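In: need a 3D model of the sequence below.
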Amino acid sequence: MSLRVHVFSSGSSGNATLYSAGRTHILVDCGLSARRVAAHLAQAGLGPEDLAGVFVTHEHSDHVQGLRVFLKKRRIPLFAAPECHESEALASLDPWRRELLRPGHAVPLGGLSITAFRVPHDAACCYGYVVEAAGVKAVQVTDLGQPTALVREKVRGAHCLLLEFNHDVDRLMNGSYPMHIKMRVRGSLGHLSNDQAGRLVQEVVNGETQALYLMHLSQENNLPALAKLAAKEALQEKRVRVEVARHLVPAAPWEG
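Out: Now for the predicted structure:
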């Protein structure tokens, strides 16, 4: 049984990623409209009813804004940190079932095993995810201000790594954002720059890694070419497939 990863969208306008193993499918984040998520699922040959669960990284709108309509009258459990369930964004939802995620505790669903881990971000609680199937490991980690020791531990040895390359520092600092937003983005609870992500890739990517997805690029403060250049320089001669995840446009899926 293989693991399949399909990034539907990644960025400040909306996030959603599909993970599949055999007949088991989960969605990480639902930050697109319910109609758009359903359309992406249909293109993958699935319907919402095929999902074993929706997992939330954190409660910011670009990760959860489609949930209310998408989960309505559907028997799909919602997995999130207790702090996220209690947040204003999620507390008013009426999902079929709420599941409280604890970091470090694996959730088995069919052929998948999903383990949450904490990442530093200015949210009620923010999780990265390790998703495994039959010895194949994918790790998704976005919306983090800095790569902690725990993050390094979790991403090392991933066959497929989905990592935030949010901004180019020069574009951010010379751009139109107010200074307090620039400082938030650059801060320890903000977002990873191309340079930070590149250094992490250089440190943790090894011979096991087959694919690297560049996630959560800022439309104003980054360019796909800049993010890809940082990734390629960090990888040096390592043979790793590099994909830039786009806003609202699905990336080519990976299967391992």
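
In: okay, helices next: where are they in the stretch 1-150 of the chain?
Out: Along the stretch 1-150 of the chain, counting by DSSP state H, counting those that start in this stretch, helices occupy 34-43, 61-64, 67-71, 82-85, 88-91, 149-155.

In: mind putting those in TSV, mean neighbour count included?
Out: The way it works is simple: take the backbone N, C-alpha and C, and place the C-beta from them, glycine included. Formatted as TSV, those follow (neighbours: other CB atoms under 10 Å):
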stretch	mean neighbour count
helix 34-43	17
helix 61-64	21
helix 67-71	21
helix 82-85	19
helix 88-91	15
helix 149-155	16
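
In: my guess is residue 46 meets residue 24, correct?
Out: No. In this structure, residue 46 is not within contact of residue 24 by CB atoms under 8 Å, at 11.2 Å.

In: before we move on, back to that, would you turn the helices of the stretch 1-150 of the chain into a markdown table with distance to residue 50 and mean pLDDT?
Out: Listed next are those as a markdown table, based on distance: least, CB to CB, whole Å; pLDDT from 0 to 100:
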| stretch | distance to residue 50 | mean pLDDT |
| --- | --- | --- |
| helix 34-43 | 7 | 98 |
| helix 61-64 | 20 | 98 |
| helix 67-71 | 13 | 98 |
| helix 82-85 | 24 | 98 |
| helix 88-91 | 23 | 97 |
| helix 149-155 | 27 | 98 |
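
In: out of those, flag the one nearest residue 19.
Out: helix 34-43 (12.5 Å; CB to CB).

In: thought residue 169 was touching residue 186?
Out: Yes. With contact defined as CB under 8 Å, residue 169 counts as touching residue 186 (7.2 Å).

In: now the common contact residues for the two.
Out: residue 193 (CB atoms under 8 Å, 6 or more residues apart in numbering).

In: count the residues that sit near the residue nearest to residue 150 when sequence neighbours are not counted.
Out: Once flanking residues are discounted, residue 150 sits nearest to residue 117: 6.0 Å by CB to CB, 6 or more residues apart in numbering. Number of residues near residue 117 (other CB atoms under 10 Å) recorded here: 19.

In: what of the one 5 residues further on?
Out: Neighbouring residues of residue 122 were enumerated by other CB under 10 Å; the total is 15.

In: that one touches residue 184, doesn't it?
Out: Yes. Residue 122 lies in contact with residue 184 (CB under 8 Å); the separation is 7.0 Å.

In: please name the residues that touch residue 96.
Out: Residue 96 neighbours (CB under 8 Å, 6+ apart): 71, 74, 75, 76, 77, 78.

In: first-to-last residue distance for stretch 204-215?
Out: 17 Å (CA to CA, to the nearest Å).

In: do stretch 56-69 as well
Out: 15 Å.

In: same check, this time on stretch 71-83
Out: 20 Å.

In: give me the most central residue, the protein.
Out: residue 140 (4.7 Å; CA atoms, centre = their mean).

In: now that residue. Nearest residue, chain neighbours left out?
Out: For residue 140, the closest residue by CB to CB, 6+ apart turns out to be residue 162, at 4.2 Å.
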